[in-house]
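Enquirer: sequence-free structure coming up:
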């Protein structure tokens, strides 16, 4: 069973990781809206990554369409000319941003749960997301991401629990996390 505070913690950490991975800079307007379901999701594909521990399996889905606005956005945040953004480069850029998102989330969850692993990103057709209910998730949350009122994405977090989950995310932890890589 996933407690209400754990649900809130997963949601808060997801929103923080989306902002850290999809916003080109801190100057960009970044708005997140919680959605009741996937009804408004029109994107044709999604990148999925999994964070697993002994206690849970968490999946992050970032929905996108391979259109010009989205290509321009990912070219901008990856400092690549749009002309170089062929289909493979575009999918690689999406997968890398998914990796960054889940890397931030994995690092932040590490404060509460030891021994977690992160999968490699996979790109799937949107229709596959209709099967999320089959997984028996204890928590699912969907959000709309709006950047500068011109770029729009949707994302979902799905948590399958194998034991009781309860933790509280302190607001100060959220504010000082930037998602930079740590060198060892």
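Expert: Good, I have the coordinates. Please read these numbers as outputs of a predicted model, since none were measured by experiment.

Enquirer: Helices along the protein, start to end?
Expert: For the chain, applying DSSP state H gives helices covering 4-22, 68-77, 87-109, 171-175.

Enquirer: between those, which gets the lowest average pLDDT?
Expert: Sorting those by mean pLDDT places helix 171-175 lowest, at a mean of 56.

Enquirer: Can you report how many residues neighbour residue 132?
Expert: The burial count assigned to residue 132 is 16, neighbours taken as other CB atoms under 10 Å. C-betas here are computed from N, CA, C, even on glycine.

Enquirer: again, but for residue 156
Expert: 23.

Enquirer: Look up how far residue 17 lies from it.
Expert: Going from residue 156 to residue 17 by CB to CB, to the nearest Å gives 13 Å.

Enquirer: Residue 30 too?
Expert: Distance of residue 30 to residue 17, given as CB to CB: 12 Å.

Enquirer: Among these two, which residue is more densely surrounded?
Expert: The residue with more neighbours, out of residue 30 and residue 17, is residue 17; 25 against 19, by other CB under 10 Å.

Enquirer: Does that one touch residue 104 like I think?
Expert: Yes. Residue 17 is within contact range of residue 104, at 3.9 Å (criterion: CB atoms under 8 Å).

Enquirer: Could I get the contacting residues of residue 152?
Expert: Listed by CB atoms under 8 Å, 6 or more residues apart in numbering, the contact set of residue 152 reads 144-146.
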